[in-house]
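Trainee: Here is a sequence with its predicted model. Questions after.
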Amino acid sequence: MDIRLVRGDITEQHVDAVVNAANSSLLGGGGVDGAIHRRGGPDILAECRELRASKYGRGLPTGRAVATTAGRLPARWVIHTVGPVHSATEDRTELLASCYRESLRVADELGARSVAFPAVSAGVYGWPMDDAARVAVRTVQETSTTVSEIRFVLFGDEAYAAFDRAVRGPDPKH
Ligand code: AR6
């Protein structure tokens, strides 16, 4: 499995599946979620509403993932996952890892070979970027998957640098 880091906007990625940093309501929000619904168009929200009606009336639990169409995005699917808020629980690291594992499990079920991830929980949900990046990179490296390309799409230099450090591992000089 190849891990790539890209600076940019996740809604512009030509990949099989784009992961959305959603919330349990599945009804949209700001950040990545807002951008995906805005650029992807109303078909994504329509499918999210159906999922709420059929399976997730109480919301998609934190750490889980579910797929919909990607609408007008240049991808085939959006995989919605709900990250933990940083201020919340003792299980937050495990729940954040679960977002990446579950998203890759859903990607495998779909037959997706390339998947783009944002820095889940590192925006509105308040995770320090270095911590979020370490959990993200370690988890995808440890997950067995048929996905062959994982692309972390980072907004801005700080996020890119944090993921770059996480991919390179601890600096031996320190
Ligand atoms: N492409 C790539 N990365 C982006 C983009 C984009 N278009 N837009 C923002 N980021 P966030 P969370 C970065 O807040 O912390 C929503 O309201 C952003 O700079 O999108 O998991 C949901 O509905 C940050 O580094 O997700 C939830 O309520 C990272 O993506 C809540 O926010 C994640 O920021 C989820 O919060």
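Mentor: Now that the structure is in, tell me what you want to look at.
Trainee: C-alpha only now, for contacts and for neighbours.
Mentor: Noted.
Trainee: Wasn't residue 105 part of a strand?
Mentor: No - checked against DSSP: H, G, I helix; E, B strand; the rest coil, residue 105 lies outside a strand; its state is helix.
Trainee: which residues touch residue 80?
Mentor: Residue 80 sits next to 19-22, 26, 65-68, 103 when contact means CA atoms under 8 Å, 6 or more residues apart in numbering.
Trainee: which parts of the protein sit against the ligand?
Mentor: Proximity of the chain to the ligand is confined to 9-11, 21-23, 28-33, 35, 83, 118-126, 153-155 under the rule CA under 6 Å from any ligand atom.
Trainee: Make CSV from the contacts of residue 80 and add pLDDT to it.
Mentor: Listed next are the contacts of residue 80 as CSV, based on pLDDT from 0 to 100:
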residue, pLDDT
19, 99
20, 98
21, 98
22, 98
26, 98
65, 98
66, 98
67, 98
68, 98
103, 99
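Trainee: Give me the buried stretch members for stretch 162-174, please.
Mentor: Residues of stretch 162-174 classed as buried: 162-164, 166-167 (neighbour count, 16 or more other CA atoms under 10 Å).
Trainee: before we move on, the earlier item: please flag which of the contacts of residue 80 sit within helices.
Mentor: residue 103 (DSSP state H).
Trainee: Just among the contacts of residue 80, which is most surrounded?
Mentor: residue 20 (32 neighbours; other CA atoms under 10 Å).
Trainee: Just list whatever residues bridge to that residue.
Mentor: residue 80 (DSSP bridges).
Trainee: hang on, isn't it packed against residue 81?
Mentor: Yes - the criterion here is CA atoms under 8 Å, and residue 20 meets it with residue 81 at 6.1 Å.
Trainee: Make sure residue 51 is indeed in a strand.
Mentor: No - secondary structure of residue 51 (three-state DSSP): helix, not part of a strand.
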